[in-house]
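Peer 1: I would like to see how this sequence folds:
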Amino acid sequence: MKFLLIDRRILNVLLIVNIFGTLYGYYWYRFQLETTPPIFIAFVPDSPTASLFFVFVLIGFLLNRNFKYMEALAMLTLFKYGVWAVVMNILTFIHGAPVTMMALMLIFSHGAMAVQALLYSPFYRIEMKHLVVAAVWTLHNDVIDYVYGMMPMYRTLSDYEHHIGYFTFWLSLLSIFLVYKYGIKRTRSDGLA
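Peer 2: The predicted structure is shown next:
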């Protein structure tokens, strides 16, 4: 299985899928980005930015290189925003939103983001300094979202923004822990740096 994941054909397919997913994600956020103050624009489209980080990771793998900062950012944000979007979309169903093909596609694609973050963890070469940068980026993003009100728009969940912010904070900490456990600690135990 491990060798299949780094097969160049698989990496190329994943690269194409992630490029198209990233582009579609930025397109998805187009209306929110139109009303976003310029200073916050980099922090609004969370999921497509996470998949953009992974695009750079895949390019690194294809070049037989490890872009360690991108690996830390990709693993942390892919897992976090993948899980976050799955949970939010399920909550919209619970609160009366229709179950549509688009909503199911969002659940599937974001679930796949979280899975690929963990699947590729054996190949990352993340060090503590890379995790620190990724953690600061992610926690800063939480502040931008829930203090400055730049979180993704889910109209059916707008009454629950404080609860969602609290959930998101703990999901960020879980994501940071997983990068530490499966990136840094694994790397040290394998004798890889």
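Peer 1: show me what contacts the residue nearest to the spatial centre of the chain?
Peer 2: Nearest to the geometric centre of the chain sits residue 78, at 2.3 Å (C-alpha atoms, centre = their mean). Neighbouring residues of residue 78 by C-beta atoms under 8 Å, 6 or more residues apart in numbering: 50, 51, 53, 54, 113, 114, 116, 117. For every residue, glycine as well, the C-beta is placed using N, CA and C.
Peer 1: what's the average pLDDT for the host helix or strand of the third one?
Peer 2: Here residue 53 sits within helix 46-62, counting by DSSP states H and E. Confidence for helix 46-62, expressed as mean pLDDT, is 97.
Peer 1: which of the residues in that helix are buried?
Peer 2: 46-58, 60-61 (16 or more other C-beta atoms under 10 Å).
Peer 1: about what we covered before: leaving out the residues flanking it, which one is nearest to the residue nearest to the centre of the chain?
Peer 2: Nearest residue to residue 78, sequence neighbours excluded (C-beta to C-beta, 6 or more residues apart in numbering): residue 117, at 3.6 Å.
Peer 1: test my guess that the one you found contacts residue 83.
Peer 2: No: Residue 117 lies out of contact with residue 83 (C-beta atoms under 8 Å); the separation is 9.5 Å.
Peer 1: more neighbours: the two, which one.
Peer 2: residue 117 (29 against 18; other C-beta atoms under 10 Å).
Peer 1: now do the same contact list for the more buried one.
Peer 2: Going by C-beta under 8 Å, 6+ apart, residue 117 touches 54, 74, 75, 76, 78, 79, 82.
Peer 1: before we move on, back to that, tell me which element the residue nearest to residue 78 is part of?
Peer 2: With DSSP H and E as criterion, residue 117 is part of helix 101-119.
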